[in-house]
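1. coords please:
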Amino acid sequence: AQAQHRVSELARLLMRRGHVFNVVSPGTLNRSGPGILGAFGTAGEIAANTKPIVRGTGVALQMSSNTTPNFRDWRVMDLEFDGQNSPNARTMQAIGGSSQTTFLRLDIHDMMYGFDYSVFLLHFMNTDANPSNNGHAVWDQLTIADSTLLRPIQIGVFMSATRLAVLGTRIEDITGAAVPAVPGQQGEHILRIEYFSKAVLSNNTFSRPQTGRALIKMHAHPTLSVTSNLVADQLIISDNLLNGNETAGGNDVDVSLEPRNAQVDERLRDIIVERNWFRSGVATTRALIVAADEVTIRNNLCDATKGFSRGCFRVHRRGVEPAHSGIRVLNNTGYNGATETFTFLDVLAGLSNVTVQNNLASAPFVVGLPPLLMFELVPGSVTVNQGNLLQNSGSVFVNSFSASGTPLLLTTDFRLAPLSPARNTGVAYP
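-> Alright, predicted model coming up:
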């Protein structure tokens, strides 16, 4: 109790590096900063990146409270959190609204949730009959940077936020290990964002969600008591390494930017997906599915060799939301080193003003059915289709074949070969 009181009152609380702090009841930050919860130690401990270890089987740290909707300006940094594989372990749980919060250089592992920022809790408090619980807005100016979240039981990051950044962070291996002890629950996504506006996911590594779930799932769950904007907008997903699930038997979409299901009208717009490396796992059906407006998918690399359906990108209208327009698929590379058929891009119904330009798709070992650069369900949906190359020879990339001439089914060097037919074949984009 004393430690909890001090966290609430002091502007800076530092824990000794290398020491273990056992959590009996949640620590609470509910007084606005500027404040720091972090680490101190010797120069040698700092150089060795030795961190204080916060260990417990329940909630480690509660952010804000039901009566502090304007809580703001804190940094939580340089700590290790061990959830001890408990189904009750939530490392960071937001209890009320907040803004200007940074989570930096955290090592979080073996927990149920890494970050639990449920917008439903804010909505519940805003509609409570007690006025002291009202007035919570969706979380704002929230950053997770240079951190690791390993072996979450259910989910790595679950939140809604405006001005959100997840940068340089590694989240891996949804285990589901302790979930049988929690009836009705199972392993989920690596990162799920229920609502966003002005969000950046950049320079991260996300790997191996639970079977049937996604690395990144983002949609637009509108909660009127929390935000008046019914559209999730302005998103950049860039420079990430995205590794699919390695458990067979799934039906996985590695990155899903669309309504939760076909029965809800959730709208997304103004999205850029660029310079990512999609590496399909054995359960991956598509690396990326988008149902949104004003979307640019450019300069990505998709290796579908290990995928379940050997597919890279799909754009579509999922269900009851309005038809989508303004979709650009530019300068991407897709590869399938297996012998099964390959679809680089599906363009399905409910779309208009679609541009597909300067894309390279290579599947040199496919037998039987021909590989597809693009499947267009409704002819005429794609208004611009130029500069694209479907190349099935083995001469496209630097190491498509070994020195002895044996095909390399898992190409890792995607530089164009000196005599590659893909060199200088693109057309200018406005």
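2. against residue 72, how distant is residue 385?
-> Applying Cβ to Cβ, to the nearest Å, the value for residue 385 to residue 72 is 49 Å. Every C-beta, even on glycine, is put in place using the N, C-alpha and C of the backbone.
3. just residue 38 next, same as before
-> 18 Å.
4. likewise for residue 56?
-> Counting by Cβ to Cβ - residue 56 and residue 72 are separated by 26 Å.
5. which one's more surrounded, those two?
-> residue 56 (23 against 17; other Cβ atoms under 10 Å).
6. distance of the more buried one from residue 90?
-> Relative to residue 90, and taking Cβ to Cβ, residue 56 is found at 10 Å.
7. who touches both of these two?
-> Residues touching both residue 56 and residue 90 by Cβ atoms under 8 Å, 6 or more residues apart in numbering: residue 83.
8. pull up the distance across stretch 360-367, start to finish.
-> Stretch 360-367 has an end-to-end distance of 19 Å (criterion: Cα to Cα, to the nearest Å).
9. give the buried residues for that stretch.
-> 360, 361, 362, 363, 364, 365, 366 (16 or more other Cβ atoms under 10 Å).
10. now render the residues you listed as CSV, adding pLDDT.
-> Shown next, in CSV, are the buried residues of stretch 360-367 (pLDDT from 0 to 100):
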residue, pLDDT
360, 91
361, 89
362, 87
363, 85
364, 82
365, 80
366, 81
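11. in strands only, show me these.
-> Judged by DSSP state E, the subset of the buried residues of stretch 360-367 located in strands is 360, 361, 362.
12. bridged to the first one, which residues?
-> Pointing back at residue 360 there. residue 333, residue 389 (DSSP bridges).
13. these two touch, right, it and residue 391?
-> Yes: with contact defined as Cβ atoms under 8 Å, residue 360 and residue 391 form a contacting pair (6.9 Å).
14. overlap in contacts, the two.
-> In contact with both residue 360 and residue 391: residue 422, using Cβ under 8 Å, 6+ apart.
15. can you report phi and psi for residue 146?
-> Backbone geometry at residue 146, expressed as degrees, to the nearest 10, gives phi 50, psi 40.
16. state the pLDDT value of it.
-> Note on residue 146: pLDDT of 98.
17. all strands for the stretch 201-350 of the chain, in order.
-> Here the stretch 201-350 of the chain has its strands, by DSSP state E, counting those that start in this stretch, at 205-207, 216-218, 231-238, 241-243, 252-257, 267-274, 277-279, 284-290, 293-298, 301-303, 311-315, 324-330, 333-335, 343-347.
18. possible to save the ones you listed as a markdown table with distance to residue 135, mean neighbour count and mean pLDDT?
-> A markdown table is the format used below for the strands of the stretch 201-350 of the chain (distance: least, Cβ to Cβ, whole Å; neighbours: other Cβ atoms under 10 Å; pLDDT from 0 to 100):
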| stretch | distance to residue 135 | mean neighbour count | mean pLDDT |
| --- | --- | --- | --- |
| strand 205-207 | 34 | 21 | 96 |
| strand 216-218 | 26 | 25 | 96 |
| strand 231-238 | 23 | 20 | 96 |
| strand 241-243 | 38 | 20 | 96 |
| strand 252-257 | 31 | 26 | 93 |
| strand 267-274 | 26 | 20 | 97 |
| strand 277-279 | 41 | 22 | 95 |
| strand 284-290 | 35 | 25 | 94 |
| strand 293-298 | 32 | 20 | 98 |
| strand 301-303 | 45 | 22 | 95 |
| strand 311-315 | 39 | 26 | 94 |
| strand 324-330 | 35 | 21 | 96 |
| strand 333-335 | 48 | 24 | 92 |
| strand 343-347 | 45 | 24 | 92 |
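19. possible to save these as JSON lines with distance to residue 156?
-> Formatted as JSON lines, the strands of the stretch 201-350 of the chain follow (distance: least, Cβ to Cβ, whole Å):
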{"stretch": "strand 205-207", "distance to residue 156": "8"}
{"stretch": "strand 216-218", "distance to residue 156": "10"}
{"stretch": "strand 231-238", "distance to residue 156": "16"}
{"stretch": "strand 241-243", "distance to residue 156": "13"}
{"stretch": "strand 252-257", "distance to residue 156": "14"}
{"stretch": "strand 267-274", "distance to residue 156": "20"}
{"stretch": "strand 277-279", "distance to residue 156": "18"}
{"stretch": "strand 284-290", "distance to residue 156": "18"}
{"stretch": "strand 293-298", "distance to residue 156": "24"}
{"stretch": "strand 301-303", "distance to residue 156": "22"}
{"stretch": "strand 311-315", "distance to residue 156": "24"}
{"stretch": "strand 324-330", "distance to residue 156": "28"}
{"stretch": "strand 333-335", "distance to residue 156": "27"}
{"stretch": "strand 343-347", "distance to residue 156": "28"}
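20. between the ones you listed, which gets nearest to residue 67?
-> strand 231-238 (28.3 Å; Cβ to Cβ).
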